[in-house]
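>>> 3D, please:
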Amino acid sequence: MSRRVTRHSISTFTRKLFAPRRRPVRRRQTAWLTVEPLEPREMLAANPVLALGAEAGRPPLVRVLDNQGATIRSFAAYDASVTGGVQTALADLNRDGVNDVVTAPGPGASPLVKVWDGATGSLLSQFLAYDPAFRGGVHLAAGDIGHGEVGIVAGTAAGGSPQVRVFTSEGVLRRSIDVGATSLTGGVRVALGYGANGNAVVFAAPGPGGAPQVKGFEVRSGRELASFTAYAPTMTGGVWIAAADLTGDGVSEIVTGTGPGYAPQVRVFSGTGRALTEFVAAAPADRNGVVVGVVNNRDGGPTIAALVGSAGTKQVRLFDARASGTPAPLASFHAAGAGALAPPGDRSRGQAVRRHQPNAVGTAAGV
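The predicted structure is shown next:
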């Protein structure tokens, strides 16, 4: 049966098909913006990568340099009566990401070690490393001392038997090590690094008067791990020492420099005393000795820093860690009046020293 389509049904269908659709009415929502205060933040301070301490006979000033060799700050670590020079060390002791400065007086003052905040320059702590009556001066190193702690290593200087002491950054004594005969009164220079087992090691070298015997001692046990002669046995001007991982294997190599009276010869050894390389850091006729350290270049690789010269002609020179013979320095800058050079301890070096063009000269004069 067919369905009859009428005009009425067509018109009804047409109206439904073409009638405009009604859209649901949406209420407009108003967005309210609120401003919340940000947490207080401080700009990261420039990270010290070198600390130069005054030589004997000058005011007890310390000059702290950043990764471009520019001065971050210069300050008097002690009062003006301290004229025996200032020894220095660098390490991030308060774990804020910025290397802190450790100072100790040279001969003539009580053995008062001070820790200065690398970010603000304020004094964090101070303590006596030896008996207050000891006035021979103190050599320093700072960094990882094992057991998850960072701390400070002190070595007696002139007039004291070669005794090394390991402290926390607040001055709590962790270990005392006698590294040589009590008859050796030229003191002991110190460096901190890591042994093949990954543990912290103190490396010790003699001051003036002793044979150039370098030794390594595990901090946690005090046992001797290494002993070797860095130079000819007749070289008795003392040995400057630094430790750093130069080969990227996690084990520290040892860098040594001659003392006064000898050509400025730098030598590099494995942690067990195997000779790796050597070079002359200044003119062979320069007999003022060479203080050594290790910093990172801008690529993160290790660079040997050498403090050479005398009085107003002193310079810090940077050398490739693989250098040999008589290489040209990668960079150098003036360091008039400096008697001590301290880069950050091994695995604490953090920021890199910017590598300028060969023989480029910056300035760190007037320490």
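
>>> can you name the element that comes right after the helix or strand hosting Ile177?
Per DSSP states H and E: Ile177 is located in strand 173-178. Next helix or strand after strand 173-178 toward the C-terminus (DSSP H and E): strand 188-194.

>>> neighbouring strands of the next helix or strand after that next one in the sheet, and parallel or not?
Remark: after strand 188-194, the chain's next helix or strand is strand 200-206, criterion DSSP H and E. Sheet pairing of strand 200-206 (DSSP bridges) gives strand 188-194 (antiparallel), strand 213-218 (antiparallel).

>>> before we move on, the earlier item: by how many degrees do the strand holding Ile177 and strand 188-194 diverge?
120 degrees (axes from the mean of the first three to the mean of the last three C-alpha atoms, to 10 degrees).

>>> what's in contact with strand 173-178?
145, 149, 151, 161-168, 202, 204, 217, 219, 222 (C-beta atoms under 8 Å, 6 or more residues apart in numbering). Just so you know, the C-beta spots here come from the backbone N, C-alpha and C atoms, and that holds for glycine as well.

>>> again, but for stretch 140-151
With contact meaning C-beta under 8 Å, 6+ apart, stretch 140-151 is reached by 87-93, 95, 100, 102-104, 113, 152-155, 166-169, 174, 190-192, 194, 199-200, 202, 219-220, 342, 344-348.

>>> which residue ranges of this protein form helices?
7-18 (DSSP state H).

>>> lowest mean pLDDT among the helices and strands of it, which one is it?
When each helix and strand of the chain is scored by mean pLDDT, DSSP states H and E, strand 361-363 comes last, with a mean of 32.

>>> go through the contacts of stretch 140-151 and flag which are in strands.
87-91, 100, 102-104, 113, 152-155, 166-168, 174, 190-192, 194, 200, 202, 342 (DSSP state E).

>>> show me which of the contacts of strand 173-178 is closest to Ala281.
Relative to Ala281, the closest of the contacts of strand 173-178 is Ala204; by C-beta to C-beta it sits at 21.8 Å.

>>> need the pLDDT of that closest one.
Predicted confidence (pLDDT) for Ala204: 96.

>>> which ChimeraX command selects the buried ones in the contacts of stretch 140-151?
Buried members of the contacts of stretch 140-151, defined by 16 or more other C-beta atoms under 10 Å, are picked up in ChimeraX with:
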select :87,88,89,90,91,92,93,100,102,103,104,113,152,153,154,155,166,167,168,169,174,190,191,192,194,200,202,219,342,344,345,346,347,348
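
>>> run through the bridge partners of Val291.
Bridge pairing for Val291 - DSSP bridges - gives Leu307.

>>> so how far is Val62 from it?
15 Å (C-beta to C-beta, to the nearest Å).

>>> can you check Ser227 too?
For Ser227 relative to Val62 (C-beta to C-beta), the value is 33 Å.

>>> out of these two, which sits in the more crowded spot?
Val62 (26 against 14; other C-beta atoms under 10 Å).

>>> what about this protein, any weak spots by pLDDT?
Along the chain, the parts satisfying pLDDT under 70 run over 1-46, 346-367.

>>> one more time with 50
Counting by pLDDT under 50, the chain has low-confidence residues at 1-19, 29-44, 349-366.

>>> what about stretch 171-182, distance to the chain center?
Counting by C-alpha atoms, centre = their mean, to the nearest Å, stretch 171-182 is centred 22 Å from the centre of its parent chain.

>>> that stretch: which residues count as buried?
174-175, 177, 179-180.

>>> okay if I get those as JSON lines plus distance to Pro327?
As requested, the buried residues of stretch 171-182 are arranged in JSON lines below (distance: C-beta to C-beta, whole Å):
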{"residue": "Arg174", "distance to Pro327": "39"}
{"residue": "Arg175", "distance to Pro327": "38"}
{"residue": "Ile177", "distance to Pro327": "35"}
{"residue": "Val179", "distance to Pro327": "32"}
{"residue": "Gly180", "distance to Pro327": "33"}
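
>>> tell me which of those residues is nearest to Leu124?
Proximity to Leu124 was ranked across those by C-beta to C-beta; first place goes to Arg174, at 17.9 Å.

>>> adjacent strands (with direction) for the strand holding Ile177?
Strand 173-178 has these strand partners (DSSP bridges): strand 163-168 (antiparallel).

>>> what does the strand it pairs with contact?
Under C-beta under 8 Å, 6+ apart, the answer for strand 163-168 is 113, 127, 129-130, 145, 149, 151-156, 173-179, 188, 190, 202, 204, 217, 219.
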